[in-house]
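> based on what follows, work out the 3D shape:
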Amino acid sequence: MIRILGYAGLIPFVVPVWLMIDGFWFGPGLQSAALFGLYAPYLFIAYSAVILSFMSGTLWANGQTTGNLSLAKPAVLMSNLIALSAWSSLLLIYIAPIMTIFPVTLLMLGFISLLWAERILNSLTEVYWLMRLSLTAIVATLHLVVVILMLMEL
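Just a heads-up that it's a prediction; the model follows:
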């Protein structure tokens, strides 16, 4: 069930990116990329922020249950830092459209940092680690594609 939910969770990442690529290559640009009338890059950022915040909660929980007290406090602090950075990414998109590159990059780094922190905490089984590594690689790549598309649009 976890594997199915994990990979199904990629769909809301892939669809906006596909729309952005379509708008960039075959339409008038990223400004035309929309789903149900909503700007595709903002949908991507919103979903990314929600998932990153949700995943930060798992780091919080793992930090609470670890037997290593020297790692417990940093894990809880890291989970809060990642969740707050995800929230701030939602605010940054309203400052200026050009700033949208920064939230996407911040979210990408958040997913990578979360995976790194969980690995250090050693809270993942080998099978789950391989799945998380795969999912994070795909999600980070999709974020990188969005950043590149935005830079090319400048």
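> which residue is nearest the centroid of this structure?
Nearest to the mean C-alpha position of the chain, counting by Cα atoms, centre = their mean, stands Ser48 at 4.1 Å.
> quick check, pLDDT for that one.
You'll see Ser48 listed with a pLDDT of 98.
> enumerate every residue touching it.
13, 86, 89, 104, 107, 111, 139, 143 (Cβ atoms under 8 Å, 6 or more residues apart in numbering). For every residue, glycine as well, the C-beta is placed using N, CA and C.
> the second one: neighbour count?
Yep, that's Ala86 we're talking about. Look at Ala86: counted by other Cβ atoms under 10 Å, it has 25 neighbours.
> now it: how far from Gly29?
Using Cβ to Cβ, to the nearest Å, one gets 27 Å for the distance from Ala86 to Gly29.
> try the last one
When distances are taken as Cβ to Cβ, His143 and Gly29 turn out to be 19 Å apart.
> which one of these two has more residues nearby?
More crowded of His143 and Gly29, by other Cβ under 10 Å: His143, with 25 against 13.
> what strand or helix carries that one?
helix 126-153 (DSSP states H and E).
> which SS class is Pro28?
coil (DSSP: H, G, I helix; E, B strand; the rest coil).
> er, Tyr94 I mean
Strictly by three-state DSSP, Tyr94 counts as coil.
> which elements pack onto the helix holding His143?
Packing partners of helix 126-153 (3 or more Cβ pairs under 8 Å, 6 or more residues apart in numbering; DSSP states H and E): helix 2-8, helix 11-26, helix 40-65, helix 101-121.
> other SSEs contacting the shortest one?
When contacts are defined as 3+ Cβ pairs under 8 Å, 6+ apart, helix 2-8 packs onto helix 126-153.
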